[in-house]
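Peer 1: 3D model of this:
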Amino acid sequence: MSQHDYNIANATFPSTRTDINSVLAAINTSNSGTSRPSAAVAGTIWLDTTSATTPTLKFYDGTDDISLATFDYSANTVNWIDSTVVFDIVGDTTPQLGGDLDVNGNSLVSTSDGDITFTPNGTGKVVISGLSFPTADGSANQVLKTDGSGNLSFTAGGGTSWQSVQTSSFTAVAGNGYPCNTTSSTFTVTLPGSASVGDTIALVDYAGTFATNNLRLISSLNIEGSAYKLLTTNREGVTITYADATQGWVATSGVNSGDQAIDPTSYSADFLVIAGGASGGASDNAGGGGAGGYRTSTQTLTGGTITITVGDGGATVSPSAVGLSGSDSSISGGGITTITSAGGGGGGTGASPADPDSQGKNGGSGGGNGHQNTSTGGLGNTPSTSPSQGNNGGSGSGAGAGAPPAYAAGGGGGASAAGAAGSSSKGGNGGNGTASSITGSSVTRAGGGGGGTENASIGTGGSGGGGNGAPQGGSPTSGTVNTGSGGGAGDSSGGSDSGTGGKGVVILSVPTTNYSGTTTGSPTVTTSGANTIMQFNGSGSYTA
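Peer 2: Here you go, the predicted model:
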């Protein structure tokens, strides 16, 4: 780096050559130095090297030096000093502003129909003139709304977006309209869990059945000051608008309007809980299967989800095997007292009394004993409940002397009676089941399975679905499905397996005006009088 006075003096050739090389060195180094070249004239450009790592390129105008740019030797960048310098940022993939961008009356314009996109990092928002825009899109037909403090959010637009006809419980969305068809049953509309003042929802009686099967509204934000409301007038149409936290949703327009406030936090429900019945034993002198436990309950529902478990019946067993017990059924949760009915006890085999396989098993109702075991059959009401959930199985007739038909086994216990003992002429009948009118008509369920015999009359199943024992060389029948009844005993001489136990059932009956319609497990839903009945043939739930 050097400077020169740009004057070639007269001298000998070696000296002249040295002077010329010095001029070239000054030109080649941009007149580098810590001060302006002494021979500078207007238009001279020189590099001020006062800072060795960030020198400054300057232009001498004949009076003053004008700084053009600094060079950063570490970053290999040039920093233009004069703000009027025009430069190209196309090649810079991450350009940054050192201050505000002044468009000087011009516009940001895309080309070729391209978008102009603003994408803040992370949780940042796009803020325009103090208005903070939401970071995510809203729902169809929503519009932007301000809270008066610069925050914008999406909310329902001015028009109603009408949805398809609703026939079962659903959660409504602000800005929507819903035709509701309650022809089949009452159902529930759950209003949004959060709302802004002015949000609206429209509801219409599609089939003119609100008076028969009311439309039930539920809201955690209140409906005219209450958490629940029934729409009760045929051909009713109503628009509800969110007002505030006190009144919540209020009716702002309607036709044929009529409603009723309800308090479902205190209503009574009836339950019938029957466990799975057991299968009978499998031998020509085996005991019948016991019925599943049979329990009823009347309780007050206070909201929440009730879990329903429906027990399976005991599976069939091969000859010379003990019957399999049924599975428990229960109701629990939702603020109620848990009710559990025990599975029925399996039927014993025709083994000697000393062999535990001859004894019917304990359960909701006990299994019948094999023919050689003359003691009481399997114990019912196990575990103990009050009132009793079932009865004992019957005893065997004893080994007998001489040829059959002295060989006869006991019947399985039923919900209302113990299984009968085997006799010299007949296998023990299954104990009878118990009748209930919870569904609106009297139905008997949970009968015990019939006991087996050899060369005598079979034990028949108890009323309510108990299976018959097998005749010699024949086949037994199974307990009726969804009655919790016991299966009949099999016949080993004919090679038949035992009858299976009937699967259990759980039935709920609630006032129709309080029925929420929110279930899982696909229960059969019917009505009787003022009540709605749910029969669960498999496990599920009901939200009160």
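
Peer 1: where in the stretch 401-544 of the chain is pLDDT low?
Peer 2: Segments of the stretch 401-544 of the chain classed as low confidence (criterion: pLDDT under 70) are 401-406, 455, 494.

Peer 1: and Thr514, backbone torsions?
Peer 2: I think there's a mix-up here, since residue 514 is Asn and not Thr. phi -110, psi -10 (degrees, to the nearest 10).

Peer 1: so it sits against Ser268, correct?
Peer 2: No - the pair Asn514 and Ser268 does not pass the contact test of C-beta atoms under 8 Å, sitting 9.1 Å apart. Bear in mind the C-beta positions are built from the backbone N, C-alpha and C, glycine included.

Peer 1: now Pro342: how far from Gly287?
Peer 2: No, residue 342 isn't Pro; it's Ala. Remark: distance between Ala342 and Gly287 (C-beta to C-beta, to the nearest Å) = 18 Å.

Peer 1: between these two, who's got more neighbours?
Peer 2: Neighbours around Ala342 and Gly287, counted as other C-beta atoms under 10 Å, are more numerous at Gly287. The numbers are 53 against 30.

Peer 1: burial count for the residue nearest to the more buried one when sequence neighbours are not counted?
Peer 2: On the basis of C-beta to C-beta, 6 or more residues apart in numbering, the spatially nearest residue to Gly287 that is not a chain neighbour turns out to be Gly368, at 2.9 Å. Here the count is done by other C-beta under 10 Å, and Gly368 has 53 residues near it.

Peer 1: and what about Gly368, helix, strand or coil?
Peer 2: What DSSP: H, G, I helix; E, B strand; the rest coil gives for Gly368 is coil.

Peer 1: so it touches Gly428, yeah?
Peer 2: Yes - counting by C-beta under 8 Å, Gly368 touches Gly428, with 5.7 Å between them.

Peer 1: ok so, going back, next up, the contacts around the residue nearest to Gly287.
Peer 2: Gly368 makes contact with 280-281, 286-290, 347-348, 360, 377-378, 393-396, 409-413, 419, 422, 428, 430, 448-449, 451, 459, 489 under the criterion C-beta atoms under 8 Å, 6 or more residues apart in numbering.

Peer 1: hmm, back to that, overlap in contacts, Asn514 and Ser268.
Peer 2: What both Asn514 and Ser268 touch, as defined by C-beta under 8 Å, 6+ apart, is the set Leu301.

Peer 1: tell me which of those two has more neighbours.
Peer 2: Counted by other C-beta under 10 Å, Asn514 and Ser268 do not tie: Asn514 has more neighbours, with 22 against 12.

Peer 1: okay, now stretch 267-286: how far is its last residue from its first?
Peer 2: Length of stretch 267-286, first residue to last, C-alpha to C-alpha, to the nearest Å: 47 Å.

Peer 1: one step back: can you pull the pLDDT of the residue nearest to Gly287?
Peer 2: Note for Gly368: predicted pLDDT of 98.

Peer 1: how about Thr34?
Peer 2: 88.

Peer 1: surely it and Thr49 touch.
Peer 2: Yes - taking contacts as C-beta under 8 Å, Thr34 lies within contact range of Thr49: 5.8 Å.

Peer 1: between these two, which is the more surrounded one?
Peer 2: Under the neighbour definition other C-beta under 10 Å, Thr34 and Thr49 were set side by side, and Thr49 has more, 17 against 12.

Peer 1: any idea how many residues pack against the residue nearest to that one when sequence neighbours are not counted?
Peer 2: Nearest non-adjacent residue to Thr49, counting by C-beta to C-beta, 6+ apart: Pro55, 4.7 Å away. Pro55: 21 surrounding residues under other C-beta under 10 Å.

Peer 1: from here on, count from 801
Peer 2: Got it, first residue is 801 now, which makes that one Pro855.

Peer 1: now do the contacts for Pro855.
Peer 2: Contact criterion C-beta under 8 Å, 6+ apart gives Ser832, Leu847, Asp848, Thr849, Thr870, Phe871 as the residues in contact with Pro855.

Peer 1: what about the first one, distance to Leu1072?
Peer 2: This points to Ser832. Relative to Leu1072, Ser832 is positioned 103 Å away (C-beta to C-beta).

Peer 1: between these two, which one's more packed in?
Peer 2: Set Ser832 next to Leu1072 and count neighbours by other C-beta under 10 Å: Leu1072 wins out with 26 against 17.

Peer 1: for the more buried one, give me its contacts.
Peer 2: Shown in contact with Leu1072 (C-beta under 8 Å, 6+ apart): Tyr1094, Arg1095, Thr1096, Ser1236, Ile1238, Val1305, Val1306, Ile1307.

Peer 1: show me which residues of the helix or strand harbouring it are buried.
Peer 2: Following DSSP states H and E, one finds Leu1072 within strand 1067-1074. Across strand 1067-1074, burial judged by 16 or more other C-beta atoms under 10 Å covers Tyr1067, Ala1069, Asp1070, Phe1071, Leu1072, Val1073, Ile1074.
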